[in-house]
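[1] my questions are about this predicted structure, shown below with the sequence.
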Amino acid sequence: MAINRSLIFFAGLLASFTIASFPANVAGEPPLLFTFGDSSYDVGNTKFFSSAFDPATTWPYGESVDSPTGRWSDGNIVPDFVGRLIGNNEPVPPVLDPKADLSHGASFAISGATVLGSPSDTMSFGQQITKFIELNKKWSDKERAEAIYMIYIGADDYLNFAKAHPHANPVEQVAFVANVLQKLARDLMSLYKSGGARKFAVQNLGPLGCLPIVRQEFKTGESCMEMVNFMVKTHNERLGPVLFAMTVRYRSLQYSLFDFNGEILRRINEPSRHGYTDTTTSCCGTGSRNAYGCGYNNEHSKLCSYQKSFLFFDGRHNTEKTDEDIASLFYSGDKHVVSPVNIKDLVGKSITYLPAQEI
């Protein structure tokens, strides 16, 4: 009789729960991977979005993997390596490819993407999320909850602002950062509440003022462009608190925040320690920093003889070697580079406190 009462009590307790809870990867299957962002995460969406010329589809992009793939790199990029590390044999496809197999996830990232605005020649971060929500019934609630959502966005907002307002004062710069982060937070909440996302893997912004294309266009010499780096620094300092605040309100939300900025600066400042001979000039391009025209047939761009010795492949994108290093740290780095957990631990996190009506 005592046993029966215990069973009845236990059944009643389960029935009273209004939340769902399930461990990650019960069947041993790797989680789905979804990526959002700009050209740093683009795996080919640009070529499907528009008929305009896409230099990432031409040589020497893809030089290290024998052919161009639509990636702005000589080879694989961060999401490709992370995908392998979490157990996916094939890279996630561009969602705009009508023939794409979306059974293991998809990339929504596209070159030129911003947080603010609704550009006609690309998809903003919010538009990418809207596209995901439109398609999310292709995956089960459980698959979407256990999936990893990699995000790198905001670079084009600050680069565009610097070009349009080169003499903006610090107050105007901070106000712009606040606008970007406010919209970013709203978009992330939409991904969580309407998309069923529960595990965010976010890269903070790199030192954009140190990009070869920025040094070249703004003629900064041996220095980085301080205005852009100030906005990036402000953005990154506030990004962590934004993510943490979301987890306080929504206890089922988990995240990894990777210090991409710090890792790139370490490589710029200590090239030989990280196996580079050049961390301020592009491998492919033309100009004072070899930063413009990679992939354009009408430009007499130069290509370095050994991509692995360069931090940057073109004026703003990393070489495959750099992205492989970054992916490895993002996946299994310690709390000095990724917090509160790395992607490996994020994959293993159980999803709890999951209101059924929100997934």
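    Here it is on my side, so go on.

[2] over to residue 279. Which of the three states is it?
    strand (DSSP: H, G, I helix; E, B strand; the rest coil).

[3] quick one, strands of the stretch 151-300 of the chain?
    Along the stretch 151-300 of the chain, counting by DSSP state E, counting those that start in this stretch, strands occupy 199-203, 254-258, 278-282, 284-285.

[4] right, and these - which one's nearest residue 247?
    Among the strands of the stretch 151-300 of the chain, the nearest to residue 247 by Cβ to Cβ is strand 254-258 (6.9 Å). For every residue, glycine as well, the C-beta is placed using N, CA and C.

[5] pretty sure residue 148 contacts residue 201?
    Yes: at 5.5 Å, residue 148 counts as touching residue 201 under the criterion of Cβ atoms under 8 Å.

[6] what touches both of the two?
    The contact sets of residue 148 and residue 201 overlap at 82, 343, 346 (Cβ atoms under 8 Å, 6 or more residues apart in numbering).

[7] which element is the last one on?
    In the assignment (DSSP states H and E), residue 346 maps to helix 343-348.

[8] average model confidence for that helix?
    Regarding helix 343-348, the rounded mean pLDDT is 97.

[9] which outside residues touch it?
    Against helix 343-348 from outside (Cβ under 8 Å, 6+ apart): 24-25, 30-31, 82, 85-86, 148, 199, 201, 254-256, 330-332.

[10] what comes up buried for that helix?
    Using 16 or more other Cβ atoms under 10 Å as the test for burial, helix 343-348 gives 343-344, 346-347.

[11] the residue lying closest to residue 173 once chain neighbours are set aside: how many residues sit nearby?
    Excluding its sequence neighbours, the residue lying closest to residue 173 (Cβ to Cβ, 6 or more residues apart in numbering) is residue 231, at 5.1 Å. Residues lying near residue 231 (other Cβ atoms under 10 Å) number 26.

[12] pull the distance from stretch 71-85 to the chain's centre.
    Offset of stretch 71-85 from its chain centre (Cα atoms, centre = their mean, to the nearest Å): 11 Å.

[13] return a ChimeraX selection command for the buried portion of the contacts of helix 343-348.
    Applying 16+ other Cβ under 10 Å to the contacts of helix 343-348, the buried members can be selected in ChimeraX as follows:
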select :24,30,31,82,85,86,148,199,201,254,255,256,330,331
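
[14] hang on, the earlier thing: which of the strands of the stretch 151-300 of the chain sits most buried?
    Neighbour counts (mean count of other Cβ atoms under 10 Å) averaged over each of the strands of the stretch 151-300 of the chain peak at strand 284-285, with a mean of 27.

[15] got the contact list for that one?
    With Cβ under 8 Å, 6+ apart as the test, strand 284-285 has contacts from 60, 74, 212, 290-295, 299, 301-304, 313-315.

[16] re earlier: quick one, which of the strands of the stretch 151-300 of the chain gets closest to residue 44.
    Per Cβ to Cβ, nearest to residue 44 of the strands of the stretch 151-300 of the chain: strand 284-285, 18.5 Å.

[17] which SSE is residue 325 in?
    helix 320-332.

[18] what are the ranges of the strands in the stretch 1-150 of the chain?
    In the stretch 1-150 of the chain, the strands defined using DSSP E, counting those that start in this stretch lie at 19-22, 33-37, 105-107, 148-152.

[19] dump the ones you listed to TSV, plus mean pLDDT.
    Listed next are these as TSV, based on pLDDT from 0 to 100:
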stretch	mean pLDDT
strand 19-22	35
strand 33-37	98
strand 105-107	98
strand 148-152	98
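
[20] distance to residue 250 for these - can I get that in TSV?
    TSV is the format used below for those (distance: least, Cβ to Cβ, whole Å):
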stretch	distance to residue 250
strand 19-22	12
strand 33-37	18
strand 105-107	22
strand 148-152	14
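
[21] can you tell which of those strands is closest to residue 135?
    With respect to residue 135, and counting by Cβ to Cβ, the nearest of those is strand 105-107 at 7.7 Å.

[22] run through who's touching that closest one.
    With Cβ under 8 Å, 6+ apart, strand 105-107 has contacts from 32-35, 41-45, 79, 83, 88, 92-95, 100, 132, 135, 147.

[23] derive a ChimeraX selection command for the buried subset of those residues.
    Typed into ChimeraX, the next command selects the buried ones out of the contacts of strand 105-107 (criterion: 16+ other Cβ under 10 Å):
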select :32,33,34,35,41,42,43,44,45,79,83,88,92,93,94,95,132,147
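
[24] give the full set of residues in contact with the residue nearest to residue 71 when sequence neighbours are not counted.
    Spatial nearest neighbour of residue 71, excluding adjacent residues (Cβ to Cβ, 6+ apart): residue 77 at 5.3 Å. The contact partners of residue 77, taken as Cβ under 8 Å, 6+ apart, are 40-41, 43, 71, 318, 320, 323.

[25] looking at these, state which has the most neighbours.
    Within these, residue 71 tops the neighbour count with 30 neighbours, counted by other Cβ under 10 Å.

[26] surely that one and residue 42 touch.
    Yes: taking Cβ under 8 Å as the definition, residue 71 is a contact partner of residue 42 at 6.7 Å.

[27] name the residues contacting each of these two.
    residue 56.

[28] rewinding a little: can you lay out the strands of the stretch 151-300 of the chain as a markdown table showing mean pLDDT and distance to residue 309?
    Output for the strands of the stretch 151-300 of the chain, formatted as a markdown table (pLDDT from 0 to 100; distance: least, Cβ to Cβ, whole Å):
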| stretch | mean pLDDT | distance to residue 309 |
| --- | --- | --- |
| strand 199-203 | 98 | 24 |
| strand 254-258 | 98 | 24 |
| strand 278-282 | 98 | 6 |
| strand 284-285 | 97 | 13 |
